[in-house]
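>>> Here is a sequence together with a model predicted from it:
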Amino acid sequence: MSVFEHIDGDGYEQIVYCSDDSSGLKAIIAIHSTALGPALGGTRFYPYPTEQEALIDVLRLSKGMTYKAAAAGLDLGGGKAVIIGDPRRIKNEELLRAYGRFVETLGGRYITAEDVGTALEDMDTVRRESRWVTGCSKTYGGSGDPSPVTAYGVLQGIKACAVEVFGDANLKGRNIFLQGVGKVGHALCGYLVEEGADVTIGDIDVDNLGRAVSDFGVKTTPLDSIHAQECDIFSPCALGGGINDDTISELKCKIIAGAANNQLAREEHGDKLRDMGILYAPDFVINAGGLINVEDELRGYDRDRALQKVDGIYKGLQLIFGLSRERNISTARAAIEYAEERIRKISRIRLMRVTEYGPLSAH
Ligand code: NAD
């Protein structure tokens, strides 16, 4: 397997393989870009069947973080890490601390956070070995679980979509189908009900489903057809790839706006949605609330300031919708172009600053 074959032409800066015999740690850290700042992205702990699959995942995810940070207007680059193995079987203090020491060796070029398979308490453990950790618990100066803030950001994004399609941000009476009521989906469901929306949910996890029904009194629908319901808004908050060759022609919503990462199986699905007259809120723009929230930890966490920045998702999406109209391209492509243009412009300014002051003194 050639690593260079996977990264050639895609601008990746650094791939770090981490191995610790004593704890059994096998991890890969991918730094896609530090053009706008340190590469921040979570640590995914997952039983990848092969090393190649772990590599492909970490590469794809780290590049996505570059776009997410750039589009959110943050001074951050994109990175991600994967720890190979089943977290329920091999996750322990020794392994997480060994991982933390690898993160520390990167001297802040990569900053980690929680992701699938890792949680708040794991970040607290990693932090005992490295300063470069966000998403720690509040007692460590962290901001806690980012999911409710992600949900708040998605709500702002849904309102921006409603203005674009219905000319009104008011969600009262809008029928919304919400796929996945886990950490983000549950909080979003609460927000939508508060706004007076008519919400129907679906989830494979009966406990999560039951919790949302009892907390918010919402209706449920069978999972296999949740994407195909005639409604105002379809909100994917489960896993990625839900908009694909099989599902796309069945969609009957006016807006797709949810938290899930990588909602479109391929970029062309964004073009097809545009042709179908469905407004798509690009996932990495609408779900950036969690990233914006942990970024705030880097300057001493202030929840009000973080939420104020998350409010910016509303304007950010309006900007993307404007670009999409102006350039006659899908919103998905407009978001990518916007992120790439910001990286080009701002990284040039950062470079100018370095040359202006000369190389850093050794003293
Ligand atoms: P989670 O695991 O807490 O919740 C996911 C929910 O989706 C679970 O209840 C699960 O049972 C359900 N689900 C899984 N497959 C399903 C299916 N086929 N149909 C219906 N439901 C299904 O995860 P989360 O943290 O709430 O994240 C949800 C999505 O948002 C993920 O794609 C995640 O990558 C993305 N995201 C999360 C955050 C965050 O702050 N947590 C930030 C950005 C993006």
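Yep, it's here.
>>> Surely residue 181 and residue 199 touch.
No. Using CB atoms under 8 Å, residue 181 is not in contact with residue 199, being 9.8 Å away. In short, each C-beta sits where N, CA and C put it, glycine included.
>>> For those two, indicate the residue with more neighbours.
Between residue 181 and residue 199, counting by other CB atoms under 10 Å, residue 181 is the more crowded of the two (29 against 26).
>>> Identify the residues contacting that one.
Taking CB atoms under 8 Å, 6 or more residues apart in numbering, we find residue 181 in contact with 189, 201, 203, 208, 209, 211, 212, 237.
>>> Report the two of those separated the most.
Greatest spatial distance among the contacts of residue 181 (CB to CB): 211 and 237, at 14.2 Å.
>>> Next, the buried residues of the host helix or strand of residue 150.
Using DSSP states H and E, residue 150 maps to helix 147-166. Neighbour-count burial for helix 147-166, counted by 16 or more other CB atoms under 10 Å, picks out 147-162, 164-165.
>>> of all of the stretch 51-200 of the chain, which residue lies closest to the ligand?
Among the residues of the stretch 51-200 of the chain, residue 182 lies closest to the ligand, at 1.7 Å counting by CB to the nearest ligand atom.
>>> any idea of the pLDDT on that residue?
Confidence at residue 182, expressed as pLDDT, is 94.
>>> Pull the contacting residues for it.
Residue 182 touches 147, 203, 205, 208, 237, 238, counting by CB under 8 Å, 6+ apart.
>>> tell me the pLDDT at the fourth one?
Going back to what we said before, that points to residue 208. Value listed for residue 208 in the pLDDT field: 96.
>>> where does the residue in the stretch 251-363 of the chain positioned nearest to the ligand fall, phi/psi-wise?
Taking CB to the nearest ligand atom, the ligand has its nearest neighbour within the stretch 251-363 of the chain at residue 290, 3.2 Å off. Residue 290 has phi and psi values of phi -60, psi -40 when expressed as degrees, to the nearest 10.
>>> Nearest residue to it in space, please, no chain neighbours.
residue 146 (3.4 Å; CB to CB, 6 or more residues apart in numbering).
>>> Between residue 211 and residue 237, tell me which one has more neighbours.
More neighbours surround residue 237 than the other of residue 211 and residue 237, with 26 against 15 (other CB under 10 Å).
>>> who are the neighbours in contact with the more buried one?
For residue 237, the contact set (CB under 8 Å, 6+ apart) comprises 154, 178, 179, 180, 181, 182, 184, 185, 188, 258, 259, 260.
>>> Recalculate using a threshold of 6 Å.
180, 184, 185, 258, 259, 260 (CB atoms under 6 Å, 6 or more residues apart in numbering).
>>> Give me the subset of those residues that also touch the ligand.
Restricting those to those adjacent to the ligand (criterion: CB under 6 Å from any ligand atom) gives 180, 184, 185, 259, 260.
>>> Averaged pLDDT, the longest helix along the chain. What do you get?
Identified as the longest helix of the chain according to DSSP state H is helix 331-357. For helix 331-357, mean pLDDT is 83.
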